[in-house]
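Visitor: Got a sequence here, can you build the structure:
(chains A and B)
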Amino acid sequence: MARFIRSVRDARGLDAVLVWLALGYLGVFSAFPLVYNIVISLQTVDLFSLASFERPFVGLQNYRDVLGDPVAGTVLWNTIQFVVLSVVFQLAIGFGLALFFQQDFPGATYLRGLFLAGWIMPALVVGAVWSWILAGDFGVLNYVLRSLGITDRNIFWLSDPNVSLYSVIIANIWLGIPFNMILLSVGLAAIPRDVYEAAELDGAGAWQRFFTITLPLMRAPLGAVISLGIIFTLQQFDLFAALTQGGPSNASNVAQYWSWQLSFQTYQISYGSVVSVLMIVFVVAVAAVYTRSTRHEQSY
Amino acid sequence: MTSPQIELEHVDKHYGHFHALKDINLEIGKGRFVALVGPSGCGKSTLLRSLAGLESITGGTMKIAGETMNGVPPRRRDVAMVFQSYALYPHMTVKENLTYSMRLKRKPREERDKAAKEVAEITGLGNLLDRYPRELSGGQRQRVAMGRAIIRHPKAFLFDEPLSNLDAALRVHMRKEIRALHDRLGATSVYVTHDQVEAMTMADHVVVMREGVIEQAGAPLDLYDHPANRFVAGFIGSPAMNFVEAAVAETGDAVALEGYDGAVLPLGRKLEPGRRVVAGLRPEHLSLGEPDRSQIRVGVGVVEFTGAASYLSSAGEPELTVFHAGRTEVRPGETVGLTIAPQHVHLFDPETGRRVG
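Guide: Below is the predicted model of the structure:
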């Protein structure tokens, strides 16, 4: 024991303790659930066998069942739209705002800070706020649209199957803009000012500076923001819970919400894990791209 | 002198309440190498950046090659700048860095390659064209920054302390190289530095600035021989000039130093007797001698040797520094005599700092 304490005091032992603590945490709370999830997806699990490890092994049958489910196609297409539209608009608006606040004008930093307000709010609260904005009969958005004469009857944002998914996407874009803006602002601030000045003297106009200096130098931050955006969007659960619950009739259902519904509403736990395993595979691929893009960060 | 390439008339620059440049008047002839020199915050960099168009002036006119440049954006001024940080494009190879301006003008590839090769030849970057800036040493980056300017054949080269990030030996080497390049290209150069040695050795016209004002402008040796005021006298020359309060003697053709037993220095010129002045004595003009047969008697405080020369500092106040070429047997604590020729005694007004006589 005395030897152990001594080895902790002389840093070498301490290093080991710290490493094992971190690894232990990851093992218990990440690796184990991940592997256990994969195991479940290959077994038949019902409420009676939930507590035991010995369950009938069915191979890929669960995967066949899930992918054969008529809902699967809708959910996949919805998920693709949700991720692509959210990330594209979050990025475009976030980058635009980051460039805007990069200009030197009074109060730029304060205004930029205010944008963080949306980000620090819990997504459930954001969902509640948006459910009032989007409410069909008393919602603010309908009121605004009617006042402006853009529409003459209420749009049922959350209960019309044609628009419910886009309502969640709009709320999610709003939620993701601050994160995109802040991360890209940091990237922009890291580009030395005199590089722009040199380009200006070399004859580059504003657009040319953007395309030949800003964009290439922002490759790493943009890659990071896109990858993280995809991952965060695939984790977006609260907004669906608060706004549409995936409805009406799966019109706005996406993989992460469907997985939860299967596991904890209909108790088809194996099917729920199948969906999450498929998502994990995709997220791991995105994460690999992300780590690659951060490795290529520019040095000045 | 040929027609002026750069003309500044009554140029003013305010940052809010801060008056950064005050009524700057300057003419720079074509093919000249002009150094702007002064302590930090004197406005030399602001002046250079105003020439580049990176800062806008708030008053006066600024002309480059006869054209008024007030309000003209940097990319339409046809001047090239070498930055202190080099400001290379980190995501481009050396070749791409050099030819960036040509690509913006959509020059054909063959022309760009040819120009890049020529410039690489001139600047000694021959085999580095495909490297990225991060793979280069400080001196090589400096050459790329210069090459990027040269390739454009601009109306003027602007240098913003380009050597201050290099080590001492390389700095001395690059000094000569930049000057040689300037001569070879027949360029007009404006060179900002806080290092008066750099200014003196490289430029054919030195502009000394302080607090937004041009204190004196002229040929390097003119500034050294006839400093217009106490600031310029103290700024030009290394080690710095000694200043001693003094009074003009009854005869009017000598000054009596204060604090050195009334040591009297002949002037070889007539001044108003009794007038209070500050005498400026350059360390290299004070020669060592026997105490009894010299003008000034001083106790020696510190003696430093560099091998080629010795530096003596007096023990008394105000301190006198003496530059002695070669070695000396004098040791701290001894008393020595100092002598200075009349034409080397500079006199300044104690109030205004202006040169007297």
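Visitor: Find the closest residue to chain B in the stretch 1-150 of chain A.
Guide: Across the stretch 1-150 of chain A, the shortest distance to chain B (Cβ to the nearest Cβ) belongs to residue A:106, at 12.3 Å. Quick note: C-beta positions are derived from backbone N, CA and C, even for glycine.
Visitor: Need the pLDDT of that residue.
Guide: On pLDDT, residue A:106 comes in at 83.
Visitor: Residue A:7 too?
Guide: Value listed for residue A:7 in the pLDDT field: 72.
Visitor: That one: what secondary structure?
Guide: helix (DSSP: H, G, I helix; E, B strand; the rest coil).
Visitor: Tell me how many other residues surround the closest residue to it other than its chain neighbours.
Guide: Spatially, and ignoring its direct neighbours in sequence, residue A:7 is nearest to residue A:13 (3.1 Å; Cβ to Cβ, 6 or more residues apart in numbering or on different chains). Other residues within reach of residue A:13, judged by other Cβ atoms under 10 Å in any protein chain shown, total 15.
Visitor: Wait, a helix at residue A:13?
Guide: Yes: counting by three-state DSSP, residue A:13 is located in a helix.
Visitor: How much space separates it from residue A:27?
Guide: Counting by Cβ to Cβ, to the nearest Å, the separation of residue A:13 from residue A:27 is 20 Å.
Visitor: hmm, back to that, where does the residue of the stretch 1-150 of chain A closest to chain B sit relative to residue B:19, distance-wise?
Guide: Taking Cβ to Cβ, one finds residue A:106 at 22 Å from residue B:19.
Visitor: same check, this time on residue B:96
Guide: From residue B:96 over to residue B:19 (counting by Cβ to Cβ), the distance is 41 Å.
Visitor: before we move on, the earlier item: residues touching the residue nearest to residue A:7, list them.
Guide: Taking Cβ atoms under 8 Å, 6 or more residues apart in numbering or on different chains as the contact definition, residue A:13 lies against A:4, A:6, A:7.
Visitor: which one's the longest helix in chain A?
Guide: helix A:70-102 (DSSP state H).
Visitor: all strands in the stretch 101-250 of chain B, in order from the N-terminus.
Guide: Using DSSP state E, counting those that start in this stretch, the strands of the stretch 101-250 of chain B run over B:156-160, B:189-193, B:205-210, B:213-218, B:242-248.
Visitor: any weak-confidence spans in the chain?
Guide: Assuming you mean chain A. Low-confidence segments of chain A, defined by pLDDT under 70: A:8, A:295-300.
Visitor: I was thinking of chain B, sorry if that wasn't clear
Guide: Applying pLDDT under 70 to chain B flags residues B:1-2.
Visitor: For it, what lies in contact range of chain A?
Guide: B:52-54, B:73-75, B:77, B:79-81, B:83, B:85, B:87-91, B:100-101, B:104-105, B:134, B:148, B:152 (Cβ under 8 Å from any Cβ of the partner chain).
Visitor: and the residues you listed, which of them are in helices?
Guide: Using DSSP H, the residues of chain B next to chain A in helices are B:52, B:100, B:101, B:104, B:148.
Visitor: Domain boundaries for chain B, per the record?
Guide: If you go by automatic domain parsing, the domain ranges for chain B are B:4-235, B:242-348.
Visitor: Straight-line length of the shortest one, end to end?
Guide: Same thing as domain B:242-348. End-to-end distance for domain B:242-348, by Cα to Cα, to the nearest Å: 12 Å.
Visitor: next one: stretch A:117-136
Guide: OK, stretch A:117-136 end separation, Cα to Cα: 26 Å.
Visitor: In what element of secondary structure is the residue of the stretch 1-150 of chain A closest to chain B found?
Guide: In the assignment (DSSP states H and E), residue A:106 maps to no helix and no strand.
Visitor: right, and residue A:241 touches residue A:124 too?
Guide: Yes: Residue A:241 lies in contact with residue A:124 (Cβ atoms under 8 Å); the separation is 7.1 Å.
Visitor: Next, name the residue at the spatial heart of chain A.
Guide: residue A:232 (1.4 Å; Cα atoms, centre = their mean).
Visitor: From what I see, that residue and residue A:175 are in contact.
Guide: No: judged on Cβ under 8 Å, residue A:232 makes no contact with residue A:175 at a distance of 9.1 Å.
Visitor: Tell me where the stretch 151-300 of chain A has helices.
Guide: Taking DSSP state H, counting those that start in this stretch as the test, the helices found in the stretch 151-300 of chain A are A:164-189, A:193-201, A:206-209, A:215-217, A:219-235, A:238-243, A:255-264, A:269-295.
Visitor: Just the buried residues of the fifth one, please?
Guide: By neighbour count with 16 or more other Cβ atoms under 10 Å in any protein chain shown, helix A:219-235 contains the buried residues A:220-230, A:232-234.
Visitor: For that helix, which outside residues touch it?
Guide: Contacts for helix A:219-235 (Cβ under 8 Å, 6+ apart): A:79, A:82-83, A:86-87, A:90-91, A:94-95, A:172, A:176, A:179-180, A:183-184, A:186-187, A:255-256, A:279, A:282-283, A:286-287, A:289-290, A:292-294, A:296-298, B:91.
Visitor: give me that answer again for 7 Å
Guide: A:82-83, A:86-87, A:90-91, A:172, A:176, A:180, A:183-184, A:187, A:256, A:279, A:283, A:286-287, A:289-290, A:293-294, A:296-298 (Cβ atoms under 7 Å, 6 or more residues apart in numbering or on different chains).
Visitor: In PyMOL, how would I select the buried members of these?
Guide: Applying 16+ other Cβ under 10 Å to the contacts of helix A:219-235, the buried members can be selected in PyMOL as follows:
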select buried, chain A and resi 82+83+86+87+90+91+172+176+180+183+184+187+256+279+283+286+290+293+298
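Visitor: Who are the contact partners of the residue of the stretch 251-357 of chain B at minimum distance from chain A?
Guide: Relative to chain A, the nearest point of the stretch 251-357 of chain B is residue B:353 (35.6 Å; Cβ to the nearest Cβ). With contacts defined as Cβ under 7 Å, 6+ apart, residue B:353 is in contact with B:229, B:230, B:231.
Visitor: Now intersect these with the helices, please.
Guide: Judged by DSSP H, helices contain the following of those: B:230, B:231.
Visitor: Could you single out the nearest of the contacts of residue B:353 to chain A?
Guide: Nearest to chain A among those: residue B:231, at 29.9 Å, using Cβ to the nearest Cβ.
Visitor: was I right about that closest one contacting residue B:211?
Guide: No: at 9.6 Å, residue B:231 does not count as touching residue B:211 under the criterion of Cβ atoms under 7 Å.
Visitor: Of those two, which one has the most company?
Guide: A direct count of neighbours by other Cβ under 10 Å for residue B:231 and residue B:211 places residue B:231 higher, at 20 against 15.
Visitor: what are the bridge partners for residue B:61, then?
Guide: residue B:9 (DSSP bridges).
Visitor: Next up, the contacts around it.
Guide: So residue B:61 contacts B:9, B:68, B:70 (Cβ under 7 Å, 6+ apart).
Visitor: how many neighbours does the first one have?
Guide: Counted with other Cβ under 10 Å, the burial measure for residue B:9 works out to 15 neighbours.
Visitor: That one against residue B:68, yeah?
Guide: No: the criterion here is Cβ under 7 Å, and residue B:9 misses it with residue B:68 at 10.0 Å.
Visitor: show me the contacts for the closest residue to residue A:112 other than its chain neighbours.
Guide: Using Cβ to Cβ, 6+ apart and skipping residues adjacent in sequence, the residue nearest residue A:112 is residue A:101, 4.4 Å away. Shown in contact with residue A:101 (Cβ under 7 Å, 6+ apart): A:108, A:111, A:112, A:185.
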